Structures are given as structure tokens and as C-alpha cells.
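Participant: Whatever this is, show me its structure:
(2 chains)
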Amino acid sequence: EPEVTQTPSHQVTQMGQEVILRCVPISNHLYFYWYRQILGQKVEFLVSFYNNEISEKSEIFDDQFSVERPDGSNFTLKIRSTKLEDSAMYFCASTRGQGWQPQHFGDGTRLSIL
Amino acid sequence: QQPVQSPQAVILREGEDAVINCSSSKALYSVHWYRQKHGEAPVFLMILLKGGEQKGHEKISASFNEKKQQSSLYLTASQLSYSGTYFCGTFRDNNNDMRFGAGTRLTVKP
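Facilitator: Next up, the predicted model:
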């Protein structure tokens, strides 16, 4: 069964550095998402992406965040100047249809900011 | 905008039943249920659409009450493998994005 793959599984970065998290969604999916989960807390929506542009973003997704789909397969989340509070698990998800189809999640990238 | 889940946590013995609720103050298009085990990604269980009910698994089923904007997840004859945190995710319409509830931690003991 096709799956969403994320790399790296764990990223350790110094505060203030830029980090790029990578995701390969399922190939026939059209909608792509990034979520964040701080340890022990709920899954928080960051951003959704459809037709090569952001369709919605949450209040968490401020100017330090950006997303790209550079080559038609990868979907990336960039954090420009990381802060300690960015430490979390970041999940990528994809789906064929908004609302009426399940979202398939990758295994996540654990981001640790020192 | 985010749904409210209850209870926050529940502890069961194997074979017991549980109900987890998810409610919204806004009209919903669909409710999704996911289970997350510690250190893993959320795994899709089922979707309930406005106007219908979808049963995803044999001993795990769910309902969606449109009048109350509430969904309930029913776990019957629980097994050890049911342990995890259950999240509901809600869509207000077909064009916006999912918001998760805070989760219900389910522990099944032998």
C-alpha cells in the first residue's frame, strides 16, 4: 500500500538556524498538509496546500514558515529561524479529497531545537 | 473552531466497552477519527459525513448526530491493541481544513 514518507526522522538544529523538513506524499493525492504535535499534546494544523499554492494556514504558520512543492513529488516545510518552541513532531499528510477522504500521515520528523 | 473531546482519558479492562465523544459548536461537514499510539503517526479509523454514517471496523464504530453536531466513537469488547490516543478531526465544509480535538487517552489493561 502506498504511503507518505518523511525525512529525516529526527533533526537536531541550533536555535536561529534554518531547517527544511521533507515529505513525499502519495502519488495520486491532491491535497497536502503539515501538522505539528508538541510532546504530549494534540495534533495542530499548520498549513494545507492544493494546486501548487497554500489553501489555508493556521495562526501558528507565521512568516518564519514556508512550504513548497519544488518538483511535483516532494513537499517541503521550511522554518527560517528556528526557536526553542519549534521543538515538536512534524507530520505531513496527504489525501485525494478534502473532508470526504481519509488523510494519510507520514511517520513524522522529530525536530529538536537546542 | 476546534472540536471538544470527552473524556480526556479512560482505563478499561480487556473486553469492556468505551464511548468517546466529539462535539462542535459549528455545523460540520464531516468528522474523522484517528488513533495514535505513542511515538507513532495518527492512523485513520473512519469518516462520518453529514447525512450519513460510515462504519470502518468490526468492533469499532461511530455515529454522527447532525442536530447536536456531535460524533461518538464506540469501542466494543476492547482489546489490548486498542490502547492509544483517539483524536477526532472535524471539517466545517468541504473546502477548509481539519481541526483536531485534544484527544482521549485510552488504556486497556489485561
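Participant: Partner strands of the helix or strand encompassing B:Y34, with direction?
Facilitator: Assigned by DSSP states H and E, B:Y34 falls within strand B:30-36. The strands beside strand B:30-36 in its sheet (DSSP bridges) come out as strand B:43-49 (antiparallel), strand B:84-91 (antiparallel).
Participant: Export the ones you listed to TSV and append columns for distance to B:D97 and mean neighbour count.
Facilitator: From N, CA and C alone the C-beta is placed, and that goes for glycine too. Below are these laid out as TSV (distance: least, CB to CB, whole Å; neighbours: other CB atoms under 10 Å in any protein chain shown):
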stretch	distance to B:D97	mean neighbour count
strand B:43-49	15	19
strand B:84-91	7	24
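Participant: can I get the ones you listed in JSON lines with mean pLDDT?
Facilitator: Formatted as JSON lines, these follow (pLDDT from 0 to 100):
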{"stretch": "strand B:43-49", "mean pLDDT": "89"}
{"stretch": "strand B:84-91", "mean pLDDT": "94"}
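Participant: any low-confidence regions in the chain?
Facilitator: No chain was given, so I picked chain A. Nowhere does chain A drop to pLDDT under 70.
Participant: Let me rephrase: I mean chain B.
Facilitator: B:52-57, B:94-96.
Participant: what about the strands in it?
Facilitator: Per DSSP state E, chain B carries strands over the ranges B:4-6, B:9-13, B:18-23, B:30-36, B:43-49, B:60-65, B:70-75, B:84-91, B:99-100, B:104-109.
Participant: Mind listing the strands the first one pairs with, and their directions?
Facilitator: Strand B:4-6 has the following strand partners under DSSP bridges: strand B:18-23 (antiparallel).
Participant: Specify the beta-bridge partners of the spatially most central residue of chain A.
Facilitator: Centroid-nearest residue in chain A, with CA atoms, centre = their mean: A:W34, separated by 3.1 Å. Listed by DSSP bridges, the beta-bridge partners for A:W34 are A:V47, A:C92.
Participant: wait, isn't it in contact with A:L46?
Facilitator: Yes: with contact defined as CB atoms under 8 Å, A:W34 and A:L46 form a contacting pair (4.3 Å).
Participant: Return the residues of chain B in contact with chain A.
Facilitator: Within chain B, the residues that sit near chain A (CB under 8 Å from any CB of the partner chain) are B:29-30, B:32, B:36, B:40-44, B:47, B:49, B:87, B:89, B:91, B:93-103.
Participant: could you flag which of those are buried?
Facilitator: B:29-30, B:32, B:36, B:41-42, B:44, B:47, B:49, B:87, B:89, B:91, B:96-103 (16 or more other CB atoms under 10 Å in any protein chain shown).
Participant: Next, format the strands paired with strand B:30-36 as TSV and append distance to A:V19.
Facilitator: What follows is these, written out as TSV (distance: least, CB to CB, whole Å):
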stretch	distance to A:V19
strand B:43-49	26
strand B:84-91	26
